[in-house]
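**Q** Quick one, fold the following:
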Amino acid sequence: MMVVLNLCDEWRNLVFTIRKVNLIDLLVVFPLDDTALTCCKNEGVEFRSK
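**A** You can find the predicted model right below:
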């Protein structure tokens, strides 16, 4: 999944749903800007920045 600045709220909702169905271990996020990277770090999900 790729995340950008203006989609952090939507992304948090998706992460909430993914956690509810126990698929969070399958999620890897590629933040495309610094704000999206902060969102990823705040949610504690695996991410790759490069």
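
**Q** Would you agree residue 49 is in contact with residue 37?
**A** Yes - with contact defined as C-beta atoms under 8 Å, residue 49 reaches residue 37; the gap is 6.2 Å. Yep, even glycine has a C-beta here, placed from its N, CA and C like the rest.

**Q** Of those two, which one has the most company?
**A** With neighbours defined as other C-beta atoms under 10 Å, residue 49 and residue 37 compare such that residue 37 has more, 16 against 11.

**Q** related to what we said a few turns ago, which residues are common contacts for residue 49 and residue 37?
**A** Contact with both residue 49 and residue 37 is made by residues residue 31, according to C-beta atoms under 8 Å, 6 or more residues apart in numbering.

**Q** List the buried residues of stretch 18-28.
**A** For stretch 18-28, a neighbour-count test (16 or more other C-beta atoms under 10 Å) marks 18, 27 as buried.

**Q** Next: stretch 32-50.
**A** Buried residues in stretch 32-50, counted by 16+ other C-beta under 10 Å: 36, 37, 39, 40, 43, 45, 47.

**Q** Format the residues you listed as CSV; extra columns: pLDDT.
**A** Output for those, formatted as CSV (pLDDT from 0 to 100):
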residue, pLDDT
36, 84
37, 87
39, 87
40, 85
43, 88
45, 87
47, 89
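
**Q** chain center to the longest helix that the chain contains: distance?
**A** When the chain is parsed with DSSP state H, its longest helix is helix 8-20. From the chain centre to the centre of helix 8-20 is a distance of 8 Å (C-alpha atoms, centre = their mean, to the nearest Å).

**Q** quick one, which residue of this protein lies the farthest from its center?
**A** Of all residues in the chain, residue 21 has its C-alpha farthest from the mean position, at 15.7 Å, by C-alpha atoms, centre = their mean.

**Q** List the buried residues of stretch 6-18.
**A** With burial defined by 16+ other C-beta under 10 Å, the residues of stretch 6-18 counted as buried are 8, 11, 15, 18.

**Q** Quick check: which ranges of the protein have low pLDDT?
**A** Scanning the chain for pLDDT under 70 picks out the ranges 1-5.
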